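*Asks:* Based on what follows, work out the 3D shape:
(2 chains)
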Amino acid sequence: MSLRYQAPRGTQDILPEDQPYWDWVRETAARLATLFGYGRIDTPIFEPAALFIRTTGEATDIVQKEMYVFHDRGGQELALRPEGTAPVCRAYLEHGMQARPQPVRLWYIAPIFRYDRPQAGRYRQHHQFGVEAIGDGSPLLDAEVIELLWRLYQELGLSGLSLRLNSIGDRNCRPAYVQLLRDYYRDKLDSVCTDCRQRYERNPLRLLDCKQEPCQPVIAGAPPITDHLCRECAQHFSQLRECLEGLGIPYELEPRLVRGFDYYTRTVFEVHPPVEGAQSALGGGGRYDGLIQELGGPPTPAVGFGTGIERIILNLKRQEALPPAEGGLDAFVAYQTPEARLAALRLASRLRREGIAAVVATGDRSLKAQMRQADARGARYALILGQRELEAGTVTVRRLADGQQQTMPLDQAVAQLRR
RNA sequence: GUGGACGUCGCCUAGCGGUCAAGGCGCCAGGCUGUGGCCCUGGAGAUCGCGGGUUCGAAUCCCGCCGUCCACCCCA
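*Replies:* I've put the predicted structure just below:
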C-alpha cells in the first residue's frame, strides 16, 4: 500500500478497538495514584532543552541522540519531553511547592518522545504513567512508590513479573566507587568490548550493565557497588529492603542495575515481564535527591517511577488479560420505508437523551441489510419502524440475542431499553 | 547510530521472470419484496510499499529510499 501520508515512524494511531485497554490502564493508574494520596499534574509537552540536558545528563544517550530538539520562532531552544521527572520538578519549584506539606505527591500520564529506532514496544512517541514524591528522603517513600507500581501491575492481572533493585550510592560514596571501578578495569580494557572501552571513559557505571559475552567475566569480578556505599546510603538501602519485605513485595537484588539518567541517587529499580526482550522493562525509577537542587532549588530529596503504557498493554495482550467489557450499543433503529426515516431518526435521538446508546440505520437499505448491520454492530436490540408501526405509533423491539420481539408503543419501548 | 529479516486488495496469505495477479476473512448486494447470526450466489476492492535499473518481458532479479519486525545501543 502506498499512502501519501502515514503516521511518522515510531508513532501509532490508537484505534477504537484498542481504547478499552488504554482506558483500563489509565483508569487503574489514576485510581491507585489517588488511593495513595497523589495529585495529578500535567506539564507542557515541550520544555527548554536545557532542562533535560542539565538533569538527565550531558553524556546520556537520551540527550546525545534521542531528544527532539527544535527552535521556535523566537529562537528558544526547546525539546519534546523525553522523560517525565524533570518537568515535574521544574513545576514543583515554579509553583513554590516547597511551601506545601512535604512530601508533595504527584502523578501524571503523558506522552514521551525519544528519537529511537522503533521495535515492538518501543516507540518515538510513547506514554508513561509516573509518580513523584518530592521533599522527603525516607526509605518509606521509596517503598511507597514501588508498592504503587507493583500494585498497578497486580490489579491489571500481569503475572510473572520481577522487581529488580539496587542502590547506586550518592554524591558522597559514588565517586569513590567509580574510581574503584575504573582502577579495576584499567588493566582489563584489552579484554572488554569496544563499547565498554568508551563506557570506561564516559560513564563507568554502565560497564556493569554490558551484555557482551567477553565482558561477563570482567563484570563478575568487579566490586559490587552495594559493598561500597557510605554509611547513610547503606542504611537507607537496608531500611528500604525491610519495608519491601514488610509489605510482602518480592524483589531481586541486581547489583548491576544502573539507569540511563544521571540524576539518580541511592535507590534504583526496574520491573521486567517474564518474556525477556531487548526492550522489556515495563517500568523503572529511583531516588533523585540532587535533582531539585540542580534546578536551582533548595536541597530536596525525592523519589519516583515511570512506566510505559504501550508496554503494559503489549504484555496484557501477551498474557491474554482482557479489559473489562465496555457498554457497547444498546439499540439499532431500522426503518422499513422512506416515510419512517424521520421517525427513526427522532427515535434514536430520544433514546440517546435517555442514556441509551443508539444509532439509526442510513441509506434506505432493505430491512434485511439493516438487520445484518444491527448484528454486525453488536447491538443488543433492533428497533424496527415500518409502515404499520408508523401508523399505529408503535415500534417493534427485537432482542438480537434470542430473536424475541414485540411491537409496543414508543414510550414502552424506551422504558424497556432503559431497564 | 550498527547488523539482519520482511513489505501482494481493509486484514491474512498464494504466486517467486512470460495470458486480464489467485484464495480466505471482512465489506456490499441477492437467494427470503417486514427481520440478523448459518448456508449459497454475485459484486466492489491491489498503480504487487515508493523510485530507479537489468530484460523482448518483472509482483518475481539488482540498487536506493520509506515502513514494519528482530538483534545491538539504550530505554518505557
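
*Asks:* how about the strands in the stretch 251-400 of chain A?
*Replies:* In the stretch 251-400 of chain A, the segments counted as strands under DSSP state E, counting those that start in this stretch are A:252-253, A:265-272, A:283-287, A:302-308, A:331-335, A:358-360, A:381-385, A:394-399.

*Asks:* ok now do whichever residue of the stretch 201-350 of chain A sits closest to RNA strand B, which residues does it touch?
*Replies:* As assessed by CB to the nearest atom of the strand, RNA strand B sits closest to A:G260 within the stretch 201-350 of chain A, at 0.7 Å. In this view, the C-beta of every residue, glycine as well, is placed from N, C-alpha and C. For A:G260, the contact set (CB atoms under 8 Å, 6 or more residues apart in numbering) comprises A:T60, A:D61, A:I62.

*Asks:* pLDDT below threshold where in the stretch 201-350 of chain A?
*Replies:* Residue ranges of the stretch 201-350 of chain A with pLDDT under 70: A:276-279.

*Asks:* What parts of it come near RNA strand B?
*Replies:* Proximity of the stretch 201-350 of chain A to RNA strand B, by CB under 7 Å from any atom of the strand, involves residues A:206, A:209-212, A:259-261, A:270, A:277-284, A:306-308, A:310-311, A:336.

*Asks:* Spell out which parts of the stretch 51-200 of chain A neighbour RNA strand B.
*Replies:* Contact residues (CB under 7 Å from any atom of the strand) of the stretch 51-200 of chain A with RNA strand B: A:60-62, A:65-66, A:83, A:112, A:114, A:116-124, A:126, A:128, A:195, A:199.

*Asks:* What about those, which are in strands?
*Replies:* Secondary structure from DSSP state E places A:I112, A:H126, A:Q128 of these in strands.

*Asks:* and which of those is nearest RNA strand B?
*Replies:* Comparing these against RNA strand B with CB to the nearest atom of the strand places A:H126 closest, at 3.5 Å.

*Asks:* What's the local residue count around the residue lying closest to the closest one once chain neighbours are set aside?
*Replies:* In this structure, A:H126 finds its nearest non-sequential neighbour in A:E310, 5.0 Å apart by CB to CB, 6 or more residues apart in numbering. By other CB atoms under 10 Å, the residues close to A:E310 number 20.

*Asks:* tell me which residues in the helix or strand hosting A:L140 are buried?
*Replies:* Using DSSP states H and E, A:L140 sits within helix A:139-156. By neighbour count on 16 or more other CB atoms under 10 Å, the buried set for helix A:139-156 is A:139, A:141-153, A:156.

*Asks:* got the CA coordinates for that helix in PDB?
*Replies:* Provided in PDB are the C-alpha atoms of helix A:139-156 (Å, rounded to 0.1, in the frame of the first residue of the first chain):
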ATOM      1  CA  PRO A 139      13.000   5.000  52.600                       C
ATOM      2  CA  LEU A 140       9.300   4.600  53.400                       C
ATOM      3  CA  LEU A 141       8.600   6.700  50.400                       C
ATOM      4  CA  ASP A 142      10.800   4.600  48.100                       C
ATOM      5  CA  ALA A 143       8.800   1.600  49.300                       C
ATOM      6  CA  GLU A 144       5.600   3.500  48.800                       C
ATOM      7  CA  VAL A 145       6.200   4.300  45.100                       C
ATOM      8  CA  ILE A 146       7.500   0.800  44.500                       C
ATOM      9  CA  GLU A 147       4.300  -0.600  46.100                       C
ATOM     10  CA  LEU A 148       2.200   1.700  43.900                       C
ATOM     11  CA  LEU A 149       3.900   0.500  40.800                       C
ATOM     12  CA  TRP A 150       3.700  -3.200  41.900                       C
ATOM     13  CA  ARG A 151       0.000  -2.800  42.700                       C
ATOM     14  CA  LEU A 152      -0.700  -1.300  39.300                       C
ATOM     15  CA  TYR A 153       0.600  -4.400  37.600                       C
ATOM     16  CA  GLN A 154      -1.200  -6.700  40.000                       C
ATOM     17  CA  GLU A 155      -4.500  -5.000  39.600                       C
ATOM     18  CA  LEU A 156      -4.200  -5.300  35.800                       C
END
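
*Asks:* Please indicate which of the contacts of A:G260 are buried?
*Replies:* For the contacts of A:G260, buried by 16+ other CB under 10 Å: A:T60, A:I62.

*Asks:* Looking at the contacts of A:G260, which is nearest RNA strand B?
*Replies:* Taking CB to the nearest atom of the strand as the measure, RNA strand B sits nearest to A:D61 out of those, at 3.8 Å.

*Asks:* Let me see the contact set for that closest one.
*Replies:* Residues in contact with A:D61 (CB under 8 Å, 6+ apart) are A:G260.

*Asks:* ok so, going back, taking the buried residues of helix A:139-156, tell me the two that lie furthest apart.
*Replies:* Between any two of those, the greatest separation by CB to CB is 26.4 Å, found for A:P139 and A:L156.

*Asks:* if we can go back for a sec, narrow the residues of the stretch 51-200 of chain A next to RNA strand B to those in helices?
*Replies:* Using DSSP state H, the subset of these located in helices is A:D61, A:D195, A:R199.

*Asks:* Could you double-check that the second one sits in contact with A:Q212?
*Replies:* Yes - under the contact definition of CB atoms under 8 Å, A:D195 touches A:Q212, with a separation of 7.1 Å.

*Asks:* and A:R26, what pLDDT?
*Replies:* For A:R26, the model assigns a pLDDT of 97.

*Asks:* before we move on, what about A:S162?
*Replies:* 92.

*Asks:* how far away is it from A:F129?
*Replies:* For A:S162, the distance to A:F129 (CB to CB, to the nearest Å) stands at 19 Å.

*Asks:* and A:R40, what does it touch?
*Replies:* A:A30, A:A33, A:L106, A:W107, A:Y108.

*Asks:* Name whatever forms a beta bridge with it.
*Replies:* A:W107 (DSSP bridges).

*Asks:* Compare the strands of the stretch 251-400 of chain A and give me the one nearest A:P323.
*Replies:* Among these, the nearest to A:P323 by CB to CB is strand A:302-308 (17.2 Å).

*Asks:* What residues sit buried inside stretch A:182-189?
*Replies:* Buried residues in stretch A:182-189 (16+ other CB under 10 Å): A:Y185, A:K188.

*Asks:* next one: stretch A:120-137
*Replies:* A:121-137.

*Asks:* pull the CA atoms of stretch A:171-182 into PDB?
*Replies:* The C-alpha trace of stretch A:171-182 is given here as PDB (Å, rounded to 0.1, in the frame of the first residue of the first chain):
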ATOM      1  CA  ARG A 171      27.400  12.100  45.900                       C
ATOM      2  CA  ASN A 172      29.400  11.100  48.900                       C
ATOM      3  CA  CYS A 173      30.100   7.500  48.100                       C
ATOM      4  CA  ARG A 174      29.600   7.100  44.400                       C
ATOM      5  CA  PRO A 175      32.700   9.000  43.200                       C
ATOM      6  CA  ALA A 176      34.900   6.800  45.300                       C
ATOM      7  CA  TYR A 177      33.200   3.700  43.900                       C
ATOM      8  CA  VAL A 178      33.500   4.900  40.300                       C
ATOM      9  CA  GLN A 179      37.200   5.400  40.900                       C
ATOM     10  CA  LEU A 180      37.500   1.900  42.300                       C
ATOM     11  CA  LEU A 181      35.700   0.500  39.300                       C
ATOM     12  CA  ARG A 182      38.000   2.400  37.000                       C
END
